[in-house]
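> Model the following, please.
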Amino acid sequence: QVQLQESGPGLVKPSQTFSLTCTVSGGSITTNYYDWIWIRQPPGKGLEWMGRVDYGGLTFYTPSLKSRTSISRDTSKNQFTLQLSSVTPEDTAVYYCVRRAWVRVGGGMDYWGKGTLVTVSS
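Sure, this is the predicted structure:
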């Protein structure tokens, strides 16, 4: 059973940068044909796909957030990390880390973390 757990600050001040780490257990982030994704959901709004790092370490970001987002990984710790800079109150959201399987291994976002609320406020 794969498990994902987000960790990071709950409160961040505007203009600052924060990092969230997703610790994965029960499976390796280097296993072929899986992407490791960050998704967020602002209060009262829908899910927003932010970016991903694939099993080989390649990253991709949604264009609207690309200039402020960075995703990295630590294979020795089986973790991947989201960094978001120049935050505003509009970045207040529940942030989820997610595993997505490529089609060749079944497809779909099959495992989700529980989510962590990050509030941007002075």
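
> give the contact list for the residue nearest to residue 11 when sequence neighbours are not counted.
Distances taken as CB to CB, 6 or more residues apart in numbering put residue 119 closest to residue 11, at 5.2 Å, once the chain neighbours are dropped. (Each C-beta comes from the backbone N, C-alpha and C, glycine too.) Residue 119 is in contact with 10, 11, 12, 92, counting by CB atoms under 8 Å, 6 or more residues apart in numbering.

> Swap in 10 Å and give it another go.
Residue 119 makes contact with 9, 10, 11, 12, 43, 89, 91, 92, 93 under the criterion CB atoms under 10 Å, 6 or more residues apart in numbering.

> Quickly find the element holding it.
Per DSSP states H and E, residue 119 falls inside strand 116-120.

> Show me which residues of that strand are buried.
116, 118, 120 (16 or more other CB atoms under 10 Å).

> Kindly report the same for stretch 23-36.
By 16+ other CB under 10 Å, the buried positions in stretch 23-36 come out as 23, 24, 29, 34, 35, 36.

> which helices and strands sit right next to the helix or strand where residue 39 lies?
Residue 39 belongs to strand 34-41 when assigned by DSSP H and E. Judged by 3 or more CB pairs under 10 Å, 6 or more residues apart in numbering; DSSP states H and E, the packing partners of strand 34-41 are strand 18-25, strand 48-54, strand 59-61, strand 69-74, strand 79-84, strand 93-101, strand 108-112, strand 116-120.

> right, and these - which one's nearest residue 2?
strand 108-112 (4.5 Å; CB to CB).

> quick one: average confidence on the strand holding residue 119?
Here strand 116-120 scores 98 as its mean pLDDT.

> Within its sheet, name the partner strands of that strand and how each one runs.
Next to strand 116-120 in the sheet, as set by DSSP bridges, lie strand 11-12 (parallel), strand 93-101 (antiparallel).

> looking at those strands, which is closest to residue 59?
Nearest of the strands paired with strand 116-120 (CB to CB): strand 93-101, 13.8 Å.

> which residues touch the helix or strand bottoming out on mean pLDDT in the chain?
Lowest on mean pLDDT, DSSP states H and E among the helices and strands of the chain sits strand 108-112, with a mean of 94. The contact list for strand 108-112 (CB under 10 Å, 6+ apart) reads 1-4, 6, 24, 26-27, 34-37, 39, 49, 96-102.
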